[in-house]
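Novice: Build me a model from this:
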Amino acid sequence: MVKVSLKGDVREFESGTTVAEIAKSIGAGLYKAACAGKLNGKVVDLRTPVTEDCELQILTFDDAEGKKAYWHTTSHIMAQAVKHLFPDAGFAIGPAIENGFYYDFDLPRTLTPEDMKAIEEEMKKIIKADLPLERFELSPEDACALMEKEHQKYKLELIREHAGKGEKISFYRQGDYVDLCAGPHLMSTGRVKAVKLTNCTGAYWRADAKNKMLQRVYGISFPKASELEAYLNMIEEAKKRDHRKLGRELDLFDIYEEGPGFPFFLPKGMVLRNQLEQFWREEHIKRGYQEIRTPMILSEELWHRSGHWDHYKDNMYTTKIDNADFAIKPMNCPGGMLVYKRKMHSYRDLPERLAELGLVHRHELSGALHGLMRVRCFTQDDAHIFMTPDQIESEILGVMSLIDSFYKVFGFDYSLELSTRPEDSMGTDEQWEMATNALIHALKANGKPYEINEGDGAFYGPKIDFHLRDSLGRTWQCGTIQLDFQMPERFDLTYTGEDGEKHRPVMVHRVVFGSIERFIAILTEHYAGAFPMWLAPVQVKVLPISDVTRDYAQKITDQLEAAGIRVEIDTRNEKIGYKIREAQLQKIPYMLVVGEKEQQNGTVSVRGRKAGDLGSMTLEAFLKKAKEEIDTKAAD
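Specialist: All right, here's what the predicted structure looks like:
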């Protein structure tokens with residue numbers, strides 16, 4: 001017998017009982033919803049036998065790992081459907097991704113919209129057939145023989161890469177379809193309920209342009225049809241909110257073919273950007289940060305010293321100046337090291353908080369570029385905090401408080417994630433353990449729940465990531481806190497301790513927005529372009545009804561400008577209804593309609609972007625209302 005702890009409830013089972021059977025013993029509903037298991041912290045297939053005492057969690061679609069198993073199974077269903085429709089298809093890889101799944105196919109012709117519909121219909125037949133998924137293992141030799149028989153050259157390439165290890169290769173079978181796969185998977189195809197194929201694009205095998213272009217088909221699936229419908233509605237809403245579309249329509253920003261990946265900010269976009277930066281500066285000054293600016297181009301030697309050259313050179317732009325090698329900075333931190341090192345420091349000087357809105361350049365593949373979300377130059381709202389070891393927890397808690405206060409202003413909820421040591425890292429085991437434990441202590445002291453993302457830390461230290469949730473429920477990784485014991489050592493940074501001896505400071509890298517450009521893209525989609533009053537490029541539009549009231553309208557406009565309100569006047573010879581619709585399309589928070597009645601009474605007729613007609617009021621009353629919204633950074 002083995003003892004299995006299920007959320008603290010310990011039960012006994014025969015050794016060899018599978019995860020699926022344990023789920024079934026708890027309840028038919030849980031068995032039906034089960035997607036995978038987590039055995040002693042490791043995600044496993046439902047078919048996995050339990051042979052020793054353990055902790056077990058049954059993962060459903062509500063769990064992130066459960067979703068992956070659900071979507072991974074759906075990718076196999078899609079592959080089987082493609083095999084039925086295109087018997088000679090070549091199969092590459094078909095993983096679960098953040099939202100759904102994809103599979104890369106080598107097909108005799110380009111897929112059409114009609115093909116996509118046919119694949120989807122065939123998938124529904126496979127789901128209805130409720131085919132069991134069976135896992136089996138083969139030796140590398142037998143695995144190669146099976147894939148040669150199936151004429152699957154991409155699978156053969158993957159198998160041969162692992163053949164030298166001598167380990168058995170796992171496969172999954174469902175009906176007439178067999179796929180090379182590590183799992184985990186659902187018990188049968190019938191467990192998938194609602195499915196939709198969403199897109200088809202080109203993708204090079206192994207993301208290498210030297211290889212053949214394959215066809216990547218994307219899809220999504222859910223346990224309930226209502227969940228799929230809600231997701232598809234969200235996607236349609238997201239299309240309307242696409243920051244690239246709104247950036248052009250609202251004349252905020254754009255990217256031109258003359259500069260792929262290099263964004264242009266237009267006058268109204270600069271107003272928005274400057275408001276964000278002003279807010280950023282004000283809040284950092286309150287918290288004891290000093291602002292610096294470091295050069296965009298620095299010697300190649302500096303990047304070797306920092307460690308970026310060994311870990312990041314493929315993403316860096318380089319140049320020669322006076323026959324010497326230089327690099328355009330992809331990150332701000334080495335410049336921050338030089339600023340710290342410019343003078344001697346005492347423990348009394350620490351912590352020292354140096355903040356920088358630094359423009360960085362990174363070489364991204366053209367296929368990865370996406371509006372302001374993924375660009376080749378962007379401004380990071382960096383800060384580097386230098387401290388003594390005993391200040392680590394309080395400084396990290398201070399940064400967490402700062403980031404929390406920022407996100408509340410924009411109405412964002414967020415979740416926390418601790419990323420631990422990656423394979424490609426610098427430093428000793430002792431340093432990494434100390435750094436990781438320091439972040440864990442701070443997270444526990446902060447009191448908010450957090451997830452652990454194993455192996456996804458920076459090459460120089462572990463990090464805490466902030467994943468904010470927008471108005472559509474989408475998540476974005478923006479803020480981050482990275483603890484670094486490496487760079488202070490590489491740059492030989494010191495401070496004089498209370499004992500009069502030299503000591504090495506600890507350093508924190510952190511961002512709040514992440515990238516100004518990307519944060520503006522997120523805000524644009526979060527607000528659907530209807531920015532709150534304090535951020536809106538144009539806060540008020542004055543709309544005279546006729547030429548008779550134009551002078552009065554201009555007087556109102558001048559008074560608003562004098563009060564610091566960003567205002568425009570529409571003096572075109574158009575009907576007032578047309579002017580109002582135009583202002584609404586430009587998502588301007590307030591419209592002040594001025595007719596003869598308002599002129600006689602010395603008032604304005606106020607229309608809100610969402611509230612509609614707010615009635616007549618004096619300009620003083622409106623200004624008081626507007627100022628309060630701006631000063632409190634109120635949501636719309």
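Novice: Return the list of helices and strands in contact with the lowest-mean-pLDDT helix or strand in the chain.
Specialist: Least confident helix or strand of the chain, by mean pLDDT, DSSP states H and E, is helix 308-312 with a mean of 83. Helix 308-312 sits against helix 300-306, with contacts defined as 3 or more CB pairs under 8 Å, 6 or more residues apart in numbering; DSSP states H and E. All C-beta atoms are positioned from the backbone trio N, CA, C, and that covers glycine.
Novice: what's the helix it packs on in contact with?
Specialist: Helix 300-306 is contacted from outside by 309-310, 312-313, 316, 318, 324-327, 333-334, 337-338, 487, 490-491, using CB atoms under 8 Å, 6 or more residues apart in numbering.
Novice: Tell me which of those fall in helices.
Specialist: Members of the contacts of helix 300-306 lying in helices (criterion: DSSP state H): 309-310, 312, 333-334, 337-338, 487, 490.
Novice: Buried ones in the helix ranked longest in the chain, by neighbour count?
Specialist: Ranked by number of residues, the top helix in the chain under DSSP H is helix 64-85. Residues of helix 64-85 classed as buried by neighbour count (16 or more other CB atoms under 10 Å): 65-84.
Novice: what distance separates the start and the end of stretch 214-230?
Specialist: For stretch 214-230, the first-to-last residue distance is 31 Å (CA to CA, to the nearest Å).
Novice: Now it: buried residues?
Specialist: For stretch 214-230, the neighbour count (16+ other CB under 10 Å) marks 214-223, 228 as buried.
Novice: cool, stretch 497-516 as well?
Specialist: Neighbour counts over stretch 497-516 (16+ other CB under 10 Å) mark 503, 505-516 as buried.
Novice: now stretch 543-560
Specialist: So stretch 543-560, judged by 16+ other CB under 10 Å, has buried residues 543-545, 549, 552-553, 556-557, 560.
Novice: for the most centrally placed residue in the chain, helix, strand, or coil?
Specialist: Centroid-nearest residue in the chain: W476, 3.2 Å away (criterion: CA atoms, centre = their mean). W476 carries the three-state label strand when classified by DSSP: H, G, I helix; E, B strand; the rest coil.
Novice: Quick check: the gap between it and L357.
Specialist: To L357, W476 is 20 Å away according to CB to CB, to the nearest Å.
Novice: Then I440?
Specialist: Look at I440 and L357: by CB to CB, they are 30 Å apart.
Novice: Ok, Y414 next?
Specialist: 22 Å.
Novice: ok so, going back, mind putting the buried residues of stretch 543-560 into CSV with pLDDT, distance to H370 and secondary structure?
Specialist: Listed next are the buried residues of stretch 543-560 as CSV, based on pLDDT from 0 to 100; distance: CB to CB, whole Å; DSSP: H, G, I helix; E, B strand; the rest coil:
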residue, pLDDT, distance to H370, secondary structure
L543, 97, 37, strand
P544, 96, 42, strand
I545, 95, 44, coil
T549, 93, 46, helix
Y552, 95, 47, helix
A553, 95, 42, helix
I556, 96, 42, helix
T557, 97, 39, helix
L560, 97, 38, helix
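Novice: wait, which of those residues is closest to V604?
Specialist: Nearest to V604 out of the buried residues of stretch 543-560 is I556 (CB to CB; 6.2 Å).
Novice: Just say helix, strand or coil for the residue lying closest to the closest one once chain neighbours are set aside.
Specialist: The shortest distance from I556 to any non-neighbouring residue, by CB to CB, 6 or more residues apart in numbering, is to V542 (5.5 Å). Here V542 is recorded as strand under three-state DSSP.
Novice: Identify the bridge partners of V542.
Specialist: I569, L592 (DSSP bridges).
Novice: distance of it from M591?
Specialist: In this view, V542 and M591 are 8 Å apart by CB to CB.
Novice: With E98 instead?
Specialist: Using CB to CB, one obtains 40 Å as the distance from E98 to M591.
Novice: quick one, which of the two is more surrounded?
Specialist: Neighbour totals were compared for E98 and M591, and M591 leads with 24 against 10 (other CB atoms under 10 Å).
Novice: residues touching the more buried one, list them.
Specialist: Residues in contact with M591 (CB under 8 Å, 6+ apart) are 540-543, 580, 583-584, 606-607.
Novice: which residues in the stretch 501-636 of the chain form strands?
Specialist: When assigned using DSSP state E, counting those that start in this stretch, the strands of the stretch 501-636 of the chain occupy the ranges 502-503, 506-511, 540-544, 567-569, 590-594, 603-608, 612-618.
Novice: And for the stretch 301-450 of the chain?
Specialist: Ranges of strands within the stretch 301-450 of the chain are 317-321, 324-328, 352-361, 377-387, 413-419, 450-453, based on DSSP E, counting those that start in this stretch.
Novice: Would you mind putting the CA coordinates of stretch 454-463 into CSV?
Specialist: Extracted C-alpha coordinates of stretch 454-463, given in CSV (Å, rounded to 0.1, in the frame of the first residue of the first chain):
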residue,chain,number,x,y,z
GLU,A,454,11.4,27.1,-12.4
GLY,A,455,14.5,27.9,-14.5
ASP,A,456,13.2,31.2,-15.9
GLY,A,457,15.3,33.7,-14.0
ALA,A,458,17.8,36.1,-15.6
PHE,A,459,21.3,34.8,-16.2
TYR,A,460,22.6,36.9,-13.3
GLY,A,461,19.9,36.3,-10.7
PRO,A,462,16.4,35.1,-9.7
LYS,A,463,13.5,37.5,-10.3
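Novice: average model confidence for that stretch?
Specialist: Averaging pLDDT along stretch 454-463 yields 85.
Novice: who's in contact with that stretch?
Specialist: Applying CB under 8 Å, 6+ apart, the set of residues contacting stretch 454-463 is 307, 311, 418-427, 432, 435-436, 439, 480-487, 509.
Novice: Check stretch 592-612 too.
Specialist: Here stretch 592-612 makes contact (CB under 8 Å, 6+ apart) with 530, 540-546, 548-549, 552-553, 556, 576, 580, 584, 587-591, 613-619, 622, 636.
Novice: shaky segments in this protein?
Specialist: By pLDDT under 70, the weakly predicted segments of the chain are 163-165.
Novice: on that earlier part again, can you list the buried residues of stretch 214-230 in a markdown table and add secondary structure and distance to P132?
Specialist: Below are these laid out as a markdown table (DSSP: H, G, I helix; E, B strand; the rest coil; distance: CB to CB, whole Å):
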| residue | secondary structure | distance to P132 |
| --- | --- | --- |
| L214 | strand | 29 |
| Q215 | strand | 29 |
| R216 | strand | 28 |
| V217 | strand | 24 |
| Y218 | strand | 26 |
| G219 | strand | 21 |
| I220 | strand | 23 |
| S221 | strand | 18 |
| F222 | strand | 21 |
| P223 | coil | 18 |
| L228 | helix | 24 |
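Novice: Show me how the chain divides into domains.
Specialist: 2-60, 65-228, 249-296+328-526, 540-631 (automatic domain parsing).
Novice: Redo these as a markdown table? Include distance to H243.
Specialist: Putting these into a markdown table (distance: least, CB to CB, whole Å) gives the following:
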| stretch | distance to H243 |
| --- | --- |
| domain 2-60 | 33 |
| domain 65-228 | 18 |
| domain 249-296+328-526 | 4 |
| domain 540-631 | 13 |
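Novice: A238 is nearest to which of these?
Specialist: domain 249-296+328-526 (5.9 Å).
Novice: so how far is the first residue of the closest one from its last?
Specialist: One end of domain 249-296+328-526 to the other measures 16 Å (CA to CA).
Novice: roughly how far is it from the heart of the chain?
Specialist: The chain centre lies 14 Å from the centre of domain 249-296+328-526; the measure is CA atoms, centre = their mean, to the nearest Å.
Novice: how about I321, what does it touch?
Specialist: I321 sits next to I297 when contact means CB under 8 Å, 6+ apart.
Novice: before we move on, which element is K3 in?
Specialist: strand 2-6 (DSSP states H and E).
Novice: actually G259, not the one I wrote
Specialist: Short version: G259 belongs to no helix or strand, going by DSSP H and E.
Novice: Tell me, how many residues neighbour it?
Specialist: Neighbour count of G259, defined by other CB under 10 Å: 12.
Novice: With adjacent residues omitted, what lies nearest to T294?
Specialist: G335 is the one closest to T294 (CB to CB, 6+ apart), at 2.8 Å.
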